[in-house]
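Peer 1: Sequence and computational prediction follow.
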Amino acid sequence: MYLSLKNSKSIFFFLCLLAFLFAGNVRAQKNNNNLIQGQVTTRDGSPAAYSTIKLSNGRSARVDKEGRYTFRDLNPGTYVVTVSFVGLPEQSQTLSVQAGESAVADFVLSADGKTLDEILIIGQKYAITSKKESDYVARLPLKNLENPQVYSVVDKELIKEQMALTLEESFRNVPGAAPSKTGAGMPSFFSRGFQTSENFRNGMATYLRTGIDLAQVERVETIKGPTSTLFGAQMTSFGGIVNYITKKPYETFGGEVGYSMGSWDMNRLTADINAPIVAEEGLLFRVNLARQKENTFQDQGNNATVLIAPSLSYQVNDRLKLSLDADFYAVKGITPAGWMIDPKLGKTSFDQLHLDYRQSLNDNSLVSRQSSSNILFQADYKLSDQWQSQTKYAWGGGSYDDLYIFDMIWKTDSLVNRILRAFTDEESARKNFQQNFIGDFKIGQFRNRMVIGLDYMSNYRKTRYDGLGYGGEVFAPAQLYNLPGTPVIRIEEVNAVLAKRNTGQNVTKEASYSAYVSDVFNVTDRLSAMASLRIDRFISEGTTNTLSRKQTGNYNQTALSPKFGLVYEVLKDKVSLFANYMNGFKNVPGYLDPATSVYQVFKPQRANQLEGGVKVELSDVFNATASYYNIDVTNSIRVDGTSRIQDGKQKSKGFEVELIGKPFTGFNYVASYGYNDNEFVNGAAAGKRALGTPEHVFNIWASYALTDGRAKGLGLGVGNSYISKAYLDAANTFTLGAYNLLDATVFYNRPKYSVRVKANNILDKKYWVSDGYYARPQKPFNFMASVAYKF
């Protein structure tokens, strides 16, 4: 399904209007004249403005600037009144309201006014402790210190401060992660010697054919190492996975609208509108919208995107909650070319080749249209005090209509072959059903936290592909010493070539059926053990070509995937030692040897990780994780003449450190370092490093904001990312140079508005990023400015 940019304008503004009408509906409801009112203050007596007050009947309100709140038109009865403020524990009181009377509930928060000012002005940045916790990583509500796995969280406060717009920009805060992007623009990164190019959404499958706009994202979680035990094989990497969490509706009317502008005519409009439909009945609605247009730093290229992301939740009763959310993302523009080298080129870096960094050899007539959509339904039901049921169904799909990607292959230092990959009328879809039973119970005196799950996933892809230039020259090479004499490749010429071809569509269908169980067993209140197992049945119906009517690649495989972990809290709730064994697998299709007519059947490819380390959490002052890992990959396929041999091996080892801190009021930092040593053990690539994988990655971001005085809210943020060299070819002779990216922001945050300015790549470095096959030049120095109003 493709969402046109033209039609999306009216949809964009219609949803804005709809959300405000919902808000009006909430404010219009009345019952009678009974009241609950009160005042909320800090421990030093200051008004706790912008706190949230909730009633047990579902109604909620914001505390005003004087710290007061009022609920009118209540039915007589008993109510539980709860006050909350970001980063502070909730407080509750129980009151009875009689007919024609009012009741009073006053609260004193556990923080002083200065602390609340700091939160309002600079936010709960970097999520020192509470926001590092996740229900998705282990599919259990485990604290970070209790989890033997290593993971990172980038939350919306850090995303806002860094003015990050796309998912891959958030990866700069992940230890050992080198940002990348696939040819079609899907976000990916290199981690622990492997590329991760699939992305989970709220713990469920996607099938993206675009990037991801951070306007809809609450936080980004990256889980390190092989993760097949809980997340399967079809979307996981041996280096880790990405799971982005979308924004959910809350109880009070509010939101934010923003406008950004920047280099190369970048213009961006966003809206985040939360409008409860019937708040007292638990029916809530929120929508995030984004519209962006931008040209490129090169001589050809542009991009326009639209995001619509609604979310609906309904608290049916105290046991059952239903939620439905979706996103629709459309992209129209010129796809950046991928650059490769001929094995006989004889050069070692792009610095030795003769092409202006701003020359694309592309043309603005080759417009690609891409779209991605996701829909998620979730039902959470409390079975008992010890067990709950979680039912999820996700549909993710995407399309190309059409997609044109140039492969630019350097033949000599002045001659480039131009090969165009054309994907026409492609559609893809992935369905994911998941049923989890989550328990927290005791056997004797021993606490157990367990998840028992069933997982079904199906993939469908229909694509028509032509590689114009592979197998024979179609377009004349670019002569770099005579670019004016090199013919431009326009869409008219491409269409003329495609019209002479009769290319059928390839239709691929796959499915997997899985069951898993994971248990965290507390031996003592400090020592816990995790044991997990997955059984996975993969069924591939293969690929059928609509022209030849031939079906190829159908096969079935069954795999077991275990995971084990130990955690010992040296200092309770402060310092823990951990160790894990994690397993990953990938399904491997059979192969028909054309020389012998023998069909070879293979086992799944395997990755086994051993890891150990330490985690530290000192309240909201300091958080650290340090670990050493060793990953062995076996059952890889090697080419031997016309046959295939399944004895390939790869090793990857290294260590990672993440530090998050708030040493004094107003100052925050997040820093990380990752070292990776990987190599292929046997075969033609023995002793060589995997393509695109750097040895060293260092990231740091620090900011300071004034929290009192006439200029409170004024702040500065500075960050640097260092990525060491990586290889573009299997022989490890052609190098993508190391690079430093220095960025800085100046911001002014107030409770009702914010202004931000950012400079990216201040040192104006020319650098190339690999997607594991090709390399693409990245943006030189650029700037962005934004203003936002909160309501």
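Peer 2: Nice, thanks for sending it over. Small disclaimer: the values here were computed from a predicted structure and weren't measured.
Peer 1: check which helix or strand covers the residue nearest to Phe231 when sequence neighbours are not counted.
Peer 2: Distance criterion CB to CB, 6 or more residues apart in numbering; nearest residue to Phe231, sequence neighbours excluded, is Ile241 at 5.9 Å. C-beta: built from backbone N, CA, C; applies to glycine. Assigned by DSSP states H and E, Ile241 belongs to strand 240-246.
Peer 1: Report the distance from that strand to the chain centre.
Peer 2: 4 Å (CA atoms, centre = their mean, to the nearest Å).
Peer 1: what are the C-alpha coordinates of it, in PDB please?
Peer 2: Extracted in PDB, the C-alpha atoms of strand 240-246 (Å, rounded to 0.1, in the frame of the first residue of the first chain):
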ATOM      1  CA  GLY A 240      21.900  -7.900  18.200                       C
ATOM      2  CA  ILE A 241      18.500  -6.500  17.400                       C
ATOM      3  CA  VAL A 242      16.800  -3.100  17.400                       C
ATOM      4  CA  ASN A 243      13.400  -2.700  19.100                       C
ATOM      5  CA  TYR A 244      11.800   0.800  18.900                       C
ATOM      6  CA  ILE A 245       8.900   1.700  21.200                       C
ATOM      7  CA  THR A 246       6.200   4.000  19.800                       C
END
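Peer 1: Just the CA coordinates for the helix or strand following that strand, please, in PDB.
Peer 2: Downstream of strand 240-246, the first helix or strand assigned by DSSP H and E is strand 254-262. What follows is strand 254-262 as a C-alpha-only set of coordinates in PDB (Å, rounded to 0.1, in the frame of the first residue of the first chain):
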ATOM      1  CA  GLY A 254      -1.800  17.800  25.600                       C
ATOM      2  CA  GLY A 255       0.900  17.600  23.000                       C
ATOM      3  CA  GLU A 256       3.400  19.600  21.000                       C
ATOM      4  CA  VAL A 257       3.700  21.100  17.500                       C
ATOM      5  CA  GLY A 258       7.000  21.900  16.000                       C
ATOM      6  CA  TYR A 259       8.700  23.300  12.900                       C
ATOM      7  CA  SER A 260      12.300  22.700  11.800                       C
ATOM      8  CA  MET A 261      14.400  24.100   9.000                       C
ATOM      9  CA  GLY A 262      18.000  23.400   7.900                       C
END
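Peer 1: Quickly run through the sheet partners of strand 254-262, with directions.
Peer 2: Here strand 254-262 has these sheet partners by DSSP bridges: strand 266-274 (antiparallel), strand 782-790 (antiparallel).
Peer 1: ok, back up a step: quick one: contacts of the strand holding Ile241?
Peer 2: 136-137, 167, 187, 189, 191-192, 194, 196, 198-203, 212, 216-225, 227, 231, 235, 309, 311, 325, 327 (CB atoms under 8 Å, 6 or more residues apart in numbering).
Peer 1: And the residues you listed, which of them are buried?
Peer 2: Among the contacts of strand 240-246, those buried by neighbour count (16 or more other CB atoms under 10 Å) are 136-137, 167, 187, 189, 191-192, 194, 196, 198-203, 212, 216-217, 219-225, 227, 231, 235, 309, 311, 325, 327.
Peer 1: Inside strands: which ones of those?
Peer 2: Among those, the members found in strands (DSSP state E) are 187, 189, 191, 194, 196, 199-201, 217, 219-224, 309, 311, 325, 327.
Peer 1: Could you give me the buried positions within whichever strand or helix holds Val81?
Peer 2: Assigned by DSSP H and E, Val81 belongs to strand 77-84. Within strand 77-84, the residues that count as buried by 16+ other CB under 10 Å are 79, 81-84.
Peer 1: All the strands of the stretch 301-450 of the chain, residue numbers only.
Peer 2: With DSSP state E, counting those that start in this stretch as the criterion, the stretch 301-450 of the chain has strands at 302-315, 320-333, 338-341, 368-382, 387-400, 403-412, 415-443, 446-468.
Peer 1: Export those strands as TSV, with columns for mean pLDDT and distance to Gln162.
Peer 2: Shown next, in TSV, are those (pLDDT from 0 to 100; distance: least, CB to CB, whole Å):
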stretch	mean pLDDT	distance to Gln162
strand 302-315	97	19
strand 320-333	97	21
strand 338-341	92	27
strand 368-382	97	23
strand 387-400	97	27
strand 403-412	94	29
strand 415-443	95	30
strand 446-468	96	33
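Peer 1: Ser102: which of those is closest?
Peer 2: Closest to Ser102 of those, according to CB to CB: strand 302-315, at 26.4 Å.
Peer 1: where does the protein have low pLDDT?
Peer 2: The chain contains residues with pLDDT under 70 at 1-33, 87, 114, 117-131.
Peer 1: partner residues bridging the residue nearest in space to the middle of it?
Peer 2: Geometric centre of the chain, nearest residue: Tyr244, 3.7 Å, by CA atoms, centre = their mean. Residues in a beta bridge with Tyr244, per DSSP bridges, are Arg201, Val220.
Peer 1: try Ser636
Peer 2: Gly648.
Peer 1: now swap in Tyr673 and tell me
Peer 2: Beta bridges link Tyr673 to Val657, Phe698, judged by DSSP bridges.
Peer 1: From Glu656, how far out is it?
Peer 2: The gap separating Tyr673 from Glu656 is 7 Å, by CB to CB, to the nearest Å.
Peer 1: Compare these two and say which one has the larger neighbour count.
Peer 2: In this view Tyr673 and Glu656 are compared by other CB atoms under 10 Å, and Glu656 has more residues nearby, 26 against 18.
Peer 1: OK, contacts around that one?
Peer 2: 150, 175-176, 224, 625-627, 629, 672-675.
Peer 1: could you pull out the strands for the stretch 601-750 of the chain?
Peer 2: Assignment of strands within the stretch 601-750 of the chain using DSSP E, counting those that start in this stretch yields the ranges 605-618, 622-640, 643-664, 667-680, 696-705, 714-723, 726-727, 735-736, 739-749.
Peer 1: Surely Ser372 touches Thr206?
Peer 2: Yes - shown here, Ser372 and Thr206 form a contact pair, counting by CB atoms under 8 Å, at 7.5 Å.
Peer 1: Find residues that contact each of those two.
Peer 2: Residues touching both Ser372 and Thr206 (CB under 8 Å, 6+ apart): Gly396.
Peer 1: about what we covered before: identify whichever of the strands of the stretch 601-750 of the chain lies nearest to Ala759.
Peer 2: Of these, nearest to Ala759 by CB to CB is strand 739-749, at 5.4 Å.
Peer 1: next one: that closest one to chain centre, how far?
Peer 2: Put simply, strand 739-749 sits 21 Å off its chain's centre (CA atoms, centre = their mean).
Peer 1: again with stretch 92-112
Peer 2: With CA atoms, centre = their mean, you get 41 Å for stretch 92-112.
Peer 1: May I have the distance across that stretch, first residue to last?
Peer 2: 19 Å (CA to CA, to the nearest Å).
Peer 1: And for that stretch, what's in contact with it?
Peer 2: 32-44, 46, 48, 51, 74-83, 85, 88-89, 91, 116.
Peer 1: quick one on the thing from earlier: kindly compare burial across the strands paired with strand 254-262 and name the winner.
Peer 2: Among those, ranked by average contacts under mean count of other CB atoms under 10 Å, first place goes to strand 266-274 (a mean of 20).
Peer 1: Quick check: Arg756 touching Met163?
Peer 2: Yes - counting by CB under 8 Å, Arg756 does reach Met163; the two are 5.8 Å apart.
Peer 1: Look up the residues that both of those two are in contact with.
Peer 2: With CB under 8 Å, 6+ apart as the test, Arg756 and Met163 both reach 745, 786.
Peer 1: so how many other residues sit close to the residue lying closest to Lys649 once chain neighbours are set aside?
Peer 2: Leaving aside its sequence neighbours, Lys649 sits nearest to Val681 (CB to CB, 6+ apart; 3.8 Å). Val681 is flanked by 16 other residues according to other CB under 10 Å.
Peer 1: could you list every residue that touches Val681?
Peer 2: Contacts of Val681 (CB under 8 Å, 6+ apart): 648-651.
Peer 1: what do you get if the cut-off is 7 Å, keeping everything else the same?
Peer 2: 649-651 (CB atoms under 7 Å, 6 or more residues apart in numbering).
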